[in-house]
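Starting from these lines, generate the structure:
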Amino acid sequence: MRALQAETPAGVRVAAERELVERSATLDPAAIALLGRRVLDVVDPDGSAELQARQVEREAAADYARRDLRISPAGPGLKRICGFLDTEGAETLRVALDPLAAPRPADPATGVRDDRTHGQRMADALVELGERALRMGDLPDNGGERPTLVVTMPYDKLVAATGVGMLDGGDVLPASQVRRIACDAHIIPAVLGGESLPLDLGRGSRHYVGTARRAIILRDRGCAFPTCDRPYQWCHCHHCVHWANGGRTDQNNGVLLCGHHHRVVHHNGWDVRIADDGLPEFIPPRSIDPERKPIRHHRHRKRTA
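Numbers count the residues shown, from 1 in each chain. Down below sits the predicted model:
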């Protein structure tokens, strides 16, 4: 009743109150709340349209004013994201996340299953949305610089995959994670020498851009992990031999991987190589195949010798 506009005629307000009281005998509080938002349609259908239009407009403005988003520490290695979006903003985000959060079908050929919960898939989708925005390169500058994630780590630790890397904000990441994200063009690894001085800030030649990336796109046409259907626009260029270990940034050392399978390759014991015919193949860990027989994406199988 308090939500009804002040200009609602007194007789209509009395009728609305009577309707809600009568319905309260049979409806639960949630149903009464829903009815309350549309009660004018019931008691004054002819005069309610204009009143409700103004009410909805005020509510929408109030909801938009309450929008809020915060990222805060939630324990070692975790951040909490919480906040509010108005209806339009929430629906925009949901529509963008839904296709990225779809569960991946189980693949009997590789033994890889998508065991993520709905919440984990939505979290991964939100991160992938951010990664795609960074890769597109059309975000506004931040302090005169292109938005970039910088991870600092001693070079010898990076090569040996030991120790930790440090983000600008002071948070740390394990070496295995630093090696994975260092494959990506929107990550700058600030490599330190023996005196903890910058040895290499980015090594631009490690990025698959221009014709180097285009050549791999023409070959793989999307994520090359067996059975994955992610398009090339959503993929990273992964170095089969890591650039920190001397791997070259060329077609014979690169393969397209979506964000999910990039993690699988780096953290689940998979190896990737370019075969003699110039096509990528994946060697599963022994936990999946004790013989570690190479497998390929179906796009490449017909071209095997």
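
what's around residue 99, how many residues?
Here the number of neighbours of residue 99 (other Cβ atoms under 10 Å) works out to 9. Every C-beta, even on glycine, is put in place using the N, C-alpha and C of the backbone.

where does the stretch 51-200 of the chain have low pLDDT?
For the stretch 51-200 of the chain, the stretches with pLDDT under 70 are 52, 107-111, 137-138, 141-149, 168-169, 182-200.

cutoff 90 now
Counting by pLDDT under 90, the stretch 51-200 of the chain shows low-confidence ranges at 51-64, 73-78, 87-88, 102-116, 128, 130-200.

Which parts of it are helices?
Applying DSSP state H, counting those that start in this stretch to the stretch 51-200 of the chain gives helices spanning 87-97, 118-136, 155-160, 175-181.

Export stretch 77-88 to PDB, keeping only CA atoms.
Provided in PDB are the C-alpha atoms of stretch 77-88 (Å, rounded to 0.1, in the frame of the first residue of the first chain):
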ATOM      1  CA  GLY A  77      43.600 -16.800  -3.000                       C
ATOM      2  CA  LEU A  78      39.900 -15.800  -3.100                       C
ATOM      3  CA  LYS A  79      38.100 -12.600  -3.900                       C
ATOM      4  CA  ARG A  80      34.400 -12.000  -3.200                       C
ATOM      5  CA  ILE A  81      32.300 -10.300  -5.800                       C
ATOM      6  CA  CYS A  82      29.000  -8.900  -4.600                       C
ATOM      7  CA  GLY A  83      26.600  -6.200  -5.600                       C
ATOM      8  CA  PHE A  84      23.300  -5.300  -7.200                       C
ATOM      9  CA  LEU A  85      22.200  -4.600 -10.800                       C
ATOM     10  CA  ASP A  86      19.000  -3.200 -12.000                       C
ATOM     11  CA  THR A  87      16.800  -5.400 -14.200                       C
ATOM     12  CA  GLU A  88      18.200  -4.200 -17.500                       C
END
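
when you give positions from now on, start the count at 177
Yep, numbering from 177; the last one is stretch 253-264 now.

distance of residue 407 from residue 333?
35 Å (Cβ to Cβ, to the nearest Å).

neighbour-wise, which of the two wins?
Counted by other Cβ under 10 Å, residue 407 and residue 333 do not tie: residue 333 has more neighbours, with 17 against 12.

I'd guessed the more buried one sits against residue 339; true?
Yes - the pair residue 333 / residue 339 is scored as a contact, 3.6 Å apart, by Cβ atoms under 8 Å.

so what sits against both of the two?
Common neighbours of residue 333 and residue 339 (criterion: Cβ atoms under 8 Å, 6 or more residues apart in numbering): residue 351.

Measure how buried residue 311 is and give me the count.
With other Cβ under 10 Å as criterion, residue 311 counts 15.

One more: residue 389?
Residue 389 has 19 neighbours, counted by other Cβ under 10 Å.

Then residue 197?
If you count neighbours by other Cβ under 10 Å, residue 197 ends up with 10.

any idea which element it lies in?
Element membership of residue 197 [criterion: DSSP states H and E] is helix 186-199.

So which residues make contact with that helix?
Contacts to helix 186-199, defined as Cβ under 8 Å, 6+ apart, come from residues 177, 180, 184, 207-208, 211-212, 215-216, 218-220, 223.

try 6 Å
For helix 186-199, contacts defined as Cβ atoms under 6 Å, 6 or more residues apart in numbering pick out 177, 215, 218-220.

Check stretch 453-471 too.
Residues from elsewhere that reach stretch 453-471 (Cβ under 6 Å, 6+ apart): 287, 400, 402, 431, 445-448, 450-451, 472, 476.

Done for today, thanks.
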